[in-house]
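K.L.:
sharing a model prediction with you, sequence too.
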Amino acid sequence: MEKGKKEKNEIWEWTKALIIALLIAAFIRYFLFTPIVVDGDSMMPTLKDGDKMIVNKIGYRLGEPKRFDIVVFHAPEGKDYIKRVIGLPGEHIEYKDDQLYINGEPIDEPYLDEYKSQLSEGQLTQDFTLQDIEPNMDVIPEGYVFVMGDNRRYSKDSRHIGVVSEDKIIGKTSVVFWPLSEMKIVK
């Protein structure tokens, strides 16, 4: 085989390998996983501004959101938000004296304990009912969830934007991969 033909063949093989690698990477990013950067303090202390996370896009194609999942969704103003699922379809939500009630039953939120203990005064979560936010809604409709940030005093969430359509949810996130010193799985 001629030297020039061999070099062209090798270049073509490398080009094919590179194209295949790019197609696989695009498929993974578009359909399976994607990175996201936490923007703001609405999920403090669980997540910090600037944390880089991996969003699992396939989880909700196979299943439904669960209470306390941290999800990424398309918010009404064209941004992607990171919040925690608090209420599920068919449920009535209420906060009273800093306590979550689902269908009248108190529900523990252990991820807020550390934050509540740091408060010098007042409640972390103001009192409200679902009807205070959505006057014509007694329970969360099918296909929707109620989301809130962990930093309840400084979070724009379902209390402001209403319930979130499950169609708007990009995926679930629980892995912080950057900064390396903060790498963790979040609950």
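P.N.:
Ah, there it is.
K.L.:
okay, and the beta partners of the residue nearest in space to the middle of the chain?
P.N.:
Closest to where the C-alpha atoms of the chain average out (Cα atoms, centre = their mean) is V71, at 2.0 Å. Under DSSP bridges, the beta-bridge partners of V71 are K83, K172.
K.L.:
wouldn't it be in contact with K172 here?
P.N.:
Yes. Using Cβ atoms under 8 Å, V71 makes contact with K172 at a distance of 5.6 Å. For glycine as for every other residue, the C-beta is placed from the backbone atoms N, C-alpha and C.
K.L.:
now the strands for the chain?
P.N.:
Using DSSP state E, the strands of the chain run over 33-37, 52-56, 70-74, 80-87, 93-96, 99-102, 105-107, 128-129, 144-148, 164-165, 169-178, 184-185.
K.L.:
now render these as JSON lines, adding distance to K8.
P.N.:
Formatted as JSON lines, the strands of the chain follow (distance: least, Cβ to Cβ, whole Å):
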{"stretch": "strand 33-37", "distance to K8": "36"}
{"stretch": "strand 52-56", "distance to K8": "40"}
{"stretch": "strand 70-74", "distance to K8": "46"}
{"stretch": "strand 80-87", "distance to K8": "45"}
{"stretch": "strand 93-96", "distance to K8": "66"}
{"stretch": "strand 99-102", "distance to K8": "67"}
{"stretch": "strand 105-107", "distance to K8": "67"}
{"stretch": "strand 128-129", "distance to K8": "69"}
{"stretch": "strand 144-148", "distance to K8": "56"}
{"stretch": "strand 164-165", "distance to K8": "53"}
{"stretch": "strand 169-178", "distance to K8": "40"}
{"stretch": "strand 184-185", "distance to K8": "48"}
